[in-house]
Every structure is written in C-alpha cells, then in structure tokens.
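In: Next come a sequence and a model predicted from it.
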2 protein chains.
Amino acid sequence: MAGPKALLFDVFGTVVDWRSSVLTELQGFFGPRGVARDWEGFALDWRALYQPAMQAVRSGARDYVALDVLHRENLLVLLDRYGIAGLDEADIWHLTTVWHRLDSWPDSAAGLRRQRVVAALSNGNIALMVRLSRHGGLVWDAILGAEIARAYKPDPRVYLRAAEALGLDPADCMMVAAHNDDLRAARDVGMSTAFVLRAEEYGPGQATDLRPDAAWDVVAEDLTGLAEVLA
Amino acid sequence: MAGPKALLFDVFGTVVDWRSSVLTELQGFFGPRGVARDWEGFALDWRALYQPAMQAVRSGARDYVALDVLHRENLLVLLDRYGIAGLDEADIWHLTTVWHRLDSWPDSAAGLRRQRVVAALSNGNIALMVRLSRHGGLVWDAILGAEIARAYKPDPRVYLRAAEALGLDPADCMMVAAHNDDLRAARDVGMSTAFVLRAEEYGPGQATDLRPDAAWDVVAEDLTGLAEVLA
C-alpha cells in the first residue's frame, strides 16, 4: 500500500476521552451544588442522544445546525429527565461546552505530531474543535468535517468534502477512527482506513468497537502505534 | 481596548513573501530550460491579475471557484503574454502551486506561535493554505477564509463567516493585515484591526500600504512586534 498523503481523524472517542471528561465535569459542577445523580449514566445518555439528533440532519428533516446546538438541546432533555431545574443560561452554556474541554487520550497529542498532513474529520463544529484542540495541545493542519460539508458523518459528503478541501483524491486519504462504522463509510468513498482500539471509550461496560470487524488497512493500539506503522 | 479572543491573519503579503518566492521559483524553473524573461514583472503581473479574477466571483458574475483555479487561469494568460509555449499539464500545475510554497517573512512562524487563537483568513483555498503552512512551519488553530465562505475578501461574508466559525462576535476578533483595504472591510463588520508593515511586499518600488491610512487599533512592524503589543 502506498502511504496516504493525509490522515483524517475522527475525534470523539478516537482522539479524546469524552466519557471520563464529561463525567468529571458533571461531578465538578453539580457536586458543590449538592446535586447528586448517576453522572456516568448522564454522560452516556448525553452521548446516546448524539446519533438521533444528527439523524434529523442526515435525513433532511432538519437543516444543518452545529453540534454545539445539538449538544445544548440534548442537555436540556437530560436535565429534565434527571429532574434538574434552576440552571441559568450561563450554566447551560458552560455545561454544553464541556464538549470543548474533553481531555485527550494520553497518546493523542504526541501521536498526531508525528504524522504527515493531519486533519480533524469530526462531526464537531469548528469552534468546538478549536477549543478542544487548544485544551489538549492537538495540532492539526486543518479542521474539516461536518461544518464545512454542512452534513454529518457517515453522510458520504463529509468524507468527500474533506478530501476535496485538501486537494486530494479520497484514495490518498486515510480515515483514522475507533469506530468500525466510520471506517466503513470512509472506505465506501475510496479512502484507506486505520482502526484504533479505544476499549474504554464507553467505560468498563463497553460492548461495541472492541475489535476491527473488517479488514481495515491498519489496526493500531493507539495513535503513537499508528505513527510507527506509517513511519 | 479589551484584548481580542482570536487573531485572523491575512496571509499573502502579511505572513508570506509571495513576490520573492514566486520570482525565485520562476527563475529556478525557466532558467535551466533556457527561457529568459522579466520574471519580476511576471510575478507582479500574476499578482495583479488576482484582484480582477476574484472580482468576477465577488460581483456574482461567476460562482465561487478556489484560488488555485484562478491562479492557474491567470498563469495561462501570462504564459501567452510572455510568449512561453510548450508546457505540459504537470508543468502548469507545478507552476500554479508555486503559491503553495511561498516562504514566510522571517518573523512569521515565531510571531504566530506566541499568539492566542490564530486563524488564517485568506482568499487562498484550504489545500493551498495547508501546504503553505507546512512549508513555512506556520501553525494555525483553524484555516478559515474564502473557501468556507465561498466568497472572496473584501466581501463582508468572508469576515463574518470566520467569526461565526469560531463562535465569536466580530468584536472579539482582530484582523491582522499588511493591507489597509482588508482592515477597512474587517472594521466595517465590527472587528478590531492590526496593521503590519510589509514595505517590501511588492519589492523596492512598492507604492501602496507603506503606512496605516486610518486609526487602526494596533500598528506593528512585524508579527513578533504584534505579539509583544498583545502580550
């Protein structure tokens, strides 16, 4: 296999550990306010609302809106579901932007720095990605993904728009993700693929994406491992 | 003045020295082929065709196309004007992408690294900016500008789309440019402004932008000077 000219990275789960970061922020926000709930469940529920919210955009039922908007709407659903009231708009925005402050997996910043052209190919909007990348010391050549395509993965337009923005054929791009479905969509438009195992993304009870389920071009244990394979 | 949350940089002329880079590449390409012309004039003419080409997009006479496309079209005009024939498609693309390999001014990479959130707000397309930034060691938080707005500066949509992509009000953004017109358009949408003097952008005969022509918020001699003012 000729080496890819650019690596396109899924971010949530693949580069950053959203679950423990959201959990820690929820505990840190509500703990001092004397509000006790199952914050791990809340974090997992928040993420679980992510796909159906994007599906409304994917299906055409709703025009593209940024992920920040969807995160905020889903937060309001969960605050109601968990019986939490009395937050003001500043609190709600602070919690919504937990997703701007996710910690990276320990190998991510160093793993990215060693690669060729690297771009974020996330469903997160640009503002979210900029803040998240500053937070984690992640250095990208470009932030591509949902906002420039005005569509959400796995819509093929998101992958194709990223390759176009880099002036590359899809075949010259490698999609890197901890999620088999993301890689499948990338492969369907002609990209090469790298599976990175994030066995704790959903915590100890994780049941999905514990192994590659197809013959992806590369399988790596983390981003430094990926960098070594591609070196 | 409260400090800006993000700095948006013009690139051609402000961050990179297009004139001497294009000149050097033209000499390096045509010299060994025995083709002698006024390459300095060719470089200046190429840049002179940039504004009218974008004007067709600005006026709505033409849909947005990437700057790479305009650079290529303008190159073909000049090859004809300078009586140069016989280049193949690979040569033409090599020359078109001279604009991907422009050298930075000596202060640029270090000046950028010291700043808060920094984004390229250029008429150059994303692929061009990615390669140019790799070439010069320029590290951005995001590449914004013409391609995500599908319009060319000084169209106000380009500035407004950049602020929106960063999740910021225009008033929280500072436009940095060596060109008074660019700053005027940024100020018109509510951004603060920094003029950086690039007195040799057009070579020793430069007649424009030798001084700030309005009361810009900051005037600096280069990007490290700007970083010091904003520190």
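Out: Sure, I can see it.

In: Buried residues, the longest helix along chain A. List them.
Out: Longest helix of chain A, by residue count under DSSP state H: helix A:67-81. Within helix A:67-81, the residues that count as buried by 16 or more other C-beta atoms under 10 Å in any protein chain shown are A:Leu67, A:Asp68, A:Leu70, A:His71, A:Arg72, A:Asn74, A:Leu75, A:Leu78, A:Leu79. (C-beta placed from N, C-alpha, C; glycine too.)

In: Stretch A:33-50 now?
Out: For stretch A:33-50, the neighbour count (16+ other C-beta under 10 Å) marks A:Trp39, A:Glu40, A:Phe42, A:Ala43, A:Leu44, A:Trp46, A:Arg47, A:Leu49, A:Tyr50 as buried.

In: Please dump those residues into CSV; it should also carry secondary structure, distance to chain B and pLDDT for every row.
Out: Below are these laid out as CSV (DSSP: H, G, I helix; E, B strand; the rest coil; distance: C-beta to the nearest C-beta, whole Å; pLDDT from 0 to 100):
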residue, secondary structure, distance to chain B, pLDDT
A:Trp39, helix, 26, 97
A:Glu40, helix, 28, 94
A:Phe42, helix, 24, 97
A:Ala43, helix, 23, 95
A:Leu44, helix, 26, 93
A:Trp46, helix, 20, 96
A:Arg47, helix, 21, 94
A:Leu49, coil, 21, 96
A:Tyr50, helix, 19, 92
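
In: nearest to B:Asp17, of those residues?
Out: Distances from B:Asp17 to the buried residues of stretch A:33-50, taken as C-beta to C-beta, are shortest for A:Tyr50 (45.1 Å).

In: show me the contacts for the closest one.
Out: A:Leu70, A:His71, A:Asn74, A:Asn123 (C-beta atoms under 8 Å, 6 or more residues apart in numbering or on different chains).

In: Which two of these have the greatest separation?
Out: Spanning the widest gap among the contacts of A:Tyr50 are A:Asn74 and A:Asn123, at 13.2 Å by C-beta to C-beta.

In: before we move on, the earlier item: and which of the buried residues of stretch A:33-50 is nearest B:Asp10?
Out: Nearest member of the buried residues of stretch A:33-50 to B:Asp10, counting by C-beta to C-beta, is A:Tyr50, at 36.8 Å.

In: Run through who's touching the worst-scoring helix or strand of chain A on mean pLDDT.
Out: Between all helices and strands in chain A, the lowest mean by mean pLDDT, DSSP states H and E belongs to helix A:108-113, at a mean of 86. Outside of helix A:108-113, the residues within contact range by C-beta under 8 Å, 6+ apart are A:9, A:15-16, A:118, A:136-140, A:222-227.

In: Go through those residues and name the one nearest A:Trp99.
Out: Nearest to A:Trp99, judged by C-beta to C-beta, of the contacts of helix A:108-113 is A:Val16 at 9.2 Å.

In: Just give the nearest non-adjacent residue to that closest one, would you?
Out: Leaving aside its chain neighbours, A:Val16 sits nearest to A:Leu102 (4.1 Å; criterion: C-beta to C-beta, 6 or more residues apart in numbering or on different chains).

In: now swap in A:Ala199 and tell me
Out: Leaving aside its chain neighbours, A:Ala199 sits nearest to A:Leu210 (5.7 Å; criterion: C-beta to C-beta, 6+ apart).

In: what number of residues lie near that neighbour?
Out: The tally of other residues near A:Leu210 (other C-beta atoms under 10 Å in any protein chain shown) stands at 12.

In: looking at this, it is in a helix?
Out: No: secondary structure of A:Leu210 (DSSP: H, G, I helix; E, B strand; the rest coil): coil, not part of a helix.

In: got a list of what A:Arg211 touches?
Out: A:Leu197.

In: Including pLDDT and distance to A:Pro170, could the contacts of A:Tyr50 go into JSON lines?
Out: Formatted as JSON lines, these follow (pLDDT from 0 to 100; distance: C-beta to C-beta, whole Å):
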{"residue": "A:Leu70", "pLDDT": "95", "distance to A:Pro170": "27"}
{"residue": "A:His71", "pLDDT": "96", "distance to A:Pro170": "29"}
{"residue": "A:Asn74", "pLDDT": "97", "distance to A:Pro170": "31"}
{"residue": "A:Asn123", "pLDDT": "93", "distance to A:Pro170": "19"}
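
In: can you list those residues in CSV and add distance to A:Thr96?
Out: Shown next, in CSV, are the contacts of A:Tyr50 (distance: C-beta to C-beta, whole Å):
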residue, distance to A:Thr96
A:Leu70, 10
A:His71, 5
A:Asn74, 9
A:Asn123, 15
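
In: nearest to chain B, of those?
Out: A:His71 (12.5 Å; C-beta to the nearest C-beta).

In: domains of chain A?
Out: A:6-17+A:103-230, A:18-100 (automatic domain parsing).

In: So for the last one, first residue to last residue, what's the gap.
Out: Counting by C-alpha to C-alpha, to the nearest Å, you get 10 Å between the two ends of domain A:18-100.

In: cool, stretch A:43-57 as well?
Out: Distance across stretch A:43-57, first residue to last, is 22 Å (C-alpha to C-alpha).

In: Tell me the residues of chain A that contact chain B?
Out: A:68, A:117, A:119, A:125-130, A:133-134, A:139, A:141-144, A:147-148, A:165-168 (C-beta under 8 Å from any C-beta of the partner chain).

In: Now a ChimeraX select for only the buried ones of those residues.
Out: The following ChimeraX line selects those of those that are buried, judged by 16+ other C-beta under 10 Å:
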select /A:68,117,119,125,126,127,128,129,130,133,141,142,143,144,147,148,165,166,167,168
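
In: Please verify my assumption that A:Val229 contacts A:Val218.
Out: Yes: between A:Val229 and A:Val218 there is a contact under C-beta atoms under 8 Å: 5.5 Å.

In: How about the contacts made by A:Leu49?
Out: A:Asn74, A:Val77, A:Leu78.

In: actually A:Asp155, not the one I typed
Out: A:Arg58, A:Ala149, A:Ala185.

In: closest to chain B among those?
Out: Nearest to chain B out of these is A:Ala149 (C-beta to the nearest C-beta; 10.7 Å).

In: residues contacting the closest one?
Out: Applying C-beta under 8 Å, 6+ apart, we find A:Ala149 in contact with A:Asp155, A:Arg157, A:Val158, A:Leu160, A:Arg161, A:Ala162.

In: same thing but at 10 Å, please
Out: For A:Ala149, the contact set (C-beta atoms under 10 Å, 6 or more residues apart in numbering or on different chains) comprises A:64, A:121, A:123, A:155-162, A:164-165.

In: got the phi/psi numbers for it?
Out: phi -90, psi -20 (degrees, to the nearest 10).
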